[in-house]
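*Asks:* When you get a sec, could you give me coordinates for this:
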Amino acid sequence: MDQPHALLVASPGLGHLIPILELGNRLSSVLKIHVTILAVTSGSSPIETEAIRAAVARGTCEVRELPSIDIDHSPDATVPTKIIEMMRATKTKTAVQDAVKSMNRKPTVMIIDIFGTGLMSIADDIGVNATYVYVPSHAWFLAVVVYTPVLDRVVEGEYTDIKEPMKIPGCRPVGPDELLETMLDRSNPQYRECMREDGELSRVMKAPVYGIGPIVRSSGPTEKADNILEWLDKQPDKSVVFVCLGSGGTLSLEQTMELAYGLDLSGQRFLWVLRRPTSYLGASSSDDGQVSAGLPEGFLDGTRGVGLVVTQWAPQVEILSHGSIGGFLSHCGSSVLESLTKGVPIVAWPLYDERRHRCGRSYVGVTSKRVIGREEVATFVRKIMVEEDEEGQKVRAKAEEVRASSERARAQGGSSYRSHFEWAKQCRLVS
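*Replies:* Residues are numbered from 1 along each chain as shown. The predicted structure is shown next:
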């Protein structure tokens, strides 16, 4: 009998690619099934290439990159809209179908990421028995997304004009400031695209939902980052705040300056992964001069020994696993799980989309609606790093609680481990 075969399809962007890569490795290692991952990449991001290389080196999955597809996006299109358009174009260009035809074994089940629901209709074409959607966020976010088609029918006018919080079944009410950016202007064509995507996901919700997380990257080779880890080795235990706003998160020149001054003003050690403004899917420049040009004059010289600014690729999981890291200033992407499963508390700086909801209570937060001044940056960094701060103590305790509970869930016999097998039996991947 042929070994069961799971086909996973990843949307472009590091925040979508990495969760699918790690899910594939998890299914392969836990269920002992064959896994093929089709990665729809932006075609221009060395960070995506590095993520694929690292995942392949650590895991047992077969990974294939699908040809990049050029899309004429509207100038004001949001990141989610651009990704959705690329995934729909992938279906039109038959890239997935062609890739499956070239495989030696037929997939048993197909798993697509949340922005790839437009591909569900090709399941019959490629002969899979079942199709699932992987949502690498939390249940509250999923509940809100699934309920948005209902809100679209019952809410009159713009969401931003609503005075009372909106009721979501099974969840606490939400205000308009907690919705996705694509929902805030109903006259924008991107709003319709958002509704179509959420409607497709709502139809999938008739099937059982399996909680299989948290799924995070494991530590791996770090030859390209020896200087970073060597610097961390020289710092005291839990004394460094790690600053990284993701592969696609960008700051204005003014905000970059304020962040730099704020880190200096905090008096805390820091490791800052700094990138210049990037393309919409995270392609960045490795030109140190261009990146550091946005920093205050003399900043790099003034931080020697106390702070380290790096402009190249950095091994985030290895950094968060290091004993000298005491906090994380994050944009709240997929890195939230990587941080909290290591027990590292977060200064949450959500830049767009659902990221402001991801941290639960294991963070202190800043707003994403204005320029954050240096004093506020310094205050929040101190809260998470200074041992005597009362709020910081609660956050650190909660982060440790999350770390312990995540270990229990992932361990053999834990809730996540059991859920993997329940799903696999439903799909007839295991007996």
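*Asks:* Show me which residues of the helix or strand that contains Ile47 are buried.
*Replies:* If you go by DSSP states H and E, Ile47 is part of helix 46-58. Buried residues in helix 46-58, counting neighbours by 16 or more other C-beta atoms under 10 Å, are found at 47-48, 51-52, 54-55, 58. Yep, even glycine has a C-beta here, placed from its N, CA and C like the rest.
*Asks:* Between those residues, which sits nearest Glu318?
*Replies:* Nearest to Glu318 among the buried residues of helix 46-58, counting by C-beta to C-beta, is Ala54 at 10.5 Å.
*Asks:* can you pull out the strands in the protein?
*Replies:* 5-10, 34-40, 62-66, 109-113, 130-134, 240-244, 269-273, 307-310, 325-330, 346-348, 363-365 (DSSP state E).
*Asks:* on that earlier part again, just list what the helix holding Ile47 packs against, helices and strands only.
*Replies:* Applying 3 or more C-beta pairs under 8 Å, 6 or more residues apart in numbering; DSSP states H and E, we find helix 46-58 packed against helix 14-31, strand 62-66.
*Asks:* Dump these into JSON lines; add distance to His322, mean neighbour count and mean pLDDT as well.
*Replies:* Shown next, in JSON lines, are the helices and strands packed on helix 46-58 (distance: least, C-beta to C-beta, whole Å; neighbours: other C-beta atoms under 10 Å; pLDDT from 0 to 100):
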{"stretch": "helix 14-31", "distance to His322": "19", "mean neighbour count": "23", "mean pLDDT": "87"}
{"stretch": "strand 62-66", "distance to His322": "28", "mean neighbour count": "17", "mean pLDDT": "88"}
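*Asks:* returning to that earlier point: show me the one of the strands of the chain that comes nearest Ala77.
*Replies:* For the strands of the chain, the distance to Ala77 is smallest for strand 34-40, at 17.0 Å, taking C-beta to C-beta.
*Asks:* From the contact counts, what lies against the closest one?
*Replies:* Strand 34-40 packs on strand 5-10, helix 14-31, strand 62-66, helix 79-92, helix 95-101, going by 3+ C-beta pairs under 8 Å, 6+ apart.
*Asks:* and for it, what are the contacting residues?
*Replies:* 3-12, 17, 20-21, 24-25, 27-28, 48, 52, 60-66, 69, 86-87, 90, 95-96, 99, 103, 105, 107, 116 (C-beta atoms under 8 Å, 6 or more residues apart in numbering).
*Asks:* Neighbours of the residue nearest to Gln190 when sequence neighbours are not counted, how many?
*Replies:* Closest residue to Gln190 apart from its sequence neighbours, by C-beta to C-beta, 6 or more residues apart in numbering: Thr81 at 4.6 Å. The local packing of Thr81 (other C-beta atoms under 10 Å) involves 23 other residues.
*Asks:* can you tell me which residues contact Thr81?
*Replies:* 73, 182, 190, 193-194.
*Asks:* out of the helices and strands packed on helix 46-58, which comes closest to Tyr417?
*Replies:* Short answer: helix 14-31, nearest of those by C-beta to C-beta, at 7.0 Å.
*Asks:* Output the strands of the chain in JSON lines; the columns should cover distance to Pro149.
*Replies:* Shown next, in JSON lines, are these (distance: least, C-beta to C-beta, whole Å):
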{"stretch": "strand 5-10", "distance to Pro149": "23"}
{"stretch": "strand 34-40", "distance to Pro149": "25"}
{"stretch": "strand 62-66", "distance to Pro149": "29"}
{"stretch": "strand 109-113", "distance to Pro149": "19"}
{"stretch": "strand 130-134", "distance to Pro149": "15"}
{"stretch": "strand 240-244", "distance to Pro149": "35"}
{"stretch": "strand 269-273", "distance to Pro149": "38"}
{"stretch": "strand 307-310", "distance to Pro149": "43"}
{"stretch": "strand 325-330", "distance to Pro149": "31"}
{"stretch": "strand 346-348", "distance to Pro149": "28"}
{"stretch": "strand 363-365", "distance to Pro149": "29"}
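*Asks:* Of all those, which one comes closest to Glu422?
*Replies:* Of all the strands of the chain, strand 130-134 sits nearest to Glu422, with 12.6 Å by C-beta to C-beta.
*Asks:* The closest one vs helix 14-31, what angle?
*Replies:* 130 degrees (axes from the mean of the first three to the mean of the last three C-alpha atoms, to 10 degrees).
*Asks:* who's in contact with Ser330?
*Replies:* 244-246, 336, 339, 346-349.
*Asks:* One more: Ala10?
*Replies:* By C-beta under 8 Å, 6+ apart, the neighbours of Ala10 are 16-17, 20-21, 37-40, 113, 116.
*Asks:* Out of the residues you listed, which is nearest to Ala139?
*Replies:* Asp113 (16.7 Å).
*Asks:* wait, the closest one sits on His16?
*Replies:* Yes. With contact defined as C-beta atoms under 8 Å, Asp113 reaches His16; the gap is 5.1 Å.
*Asks:* Need the residues touching each of these two.
*Replies:* 10, 136.
*Asks:* Just the C-alpha atoms of the longest helix seen in the chain, please, in CSV.
*Replies:* If you go by DSSP state H, the chain has its longest helix at helix 390-410. Taking Å, rounded to 0.1, in the frame of the first residue of the first chain, the C-alpha atoms of helix 390-410 are listed here in CSV:
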residue,chain,number,x,y,z
GLU,A,390,5.0,45.3,38.7
GLU,A,391,3.2,45.1,35.3
GLY,A,392,6.3,43.5,33.8
GLN,A,393,6.4,40.9,36.5
LYS,A,394,2.8,39.9,35.6
VAL,A,395,3.6,39.7,31.9
ARG,A,396,6.8,37.7,32.5
ALA,A,397,4.8,35.2,34.7
LYS,A,398,2.2,34.9,32.0
ALA,A,399,4.8,34.3,29.3
GLU,A,400,6.3,31.5,31.4
GLU,A,401,2.8,30.0,31.9
VAL,A,402,2.3,30.0,28.2
ARG,A,403,5.6,28.3,27.6
ALA,A,404,4.9,25.5,30.0
SER,A,405,1.4,24.9,28.6
SER,A,406,2.6,24.9,25.1
GLU,A,407,5.2,22.2,26.0
ARG,A,408,2.5,20.1,27.6
ALA,A,409,0.3,20.4,24.5
ARG,A,410,3.0,19.4,22.0
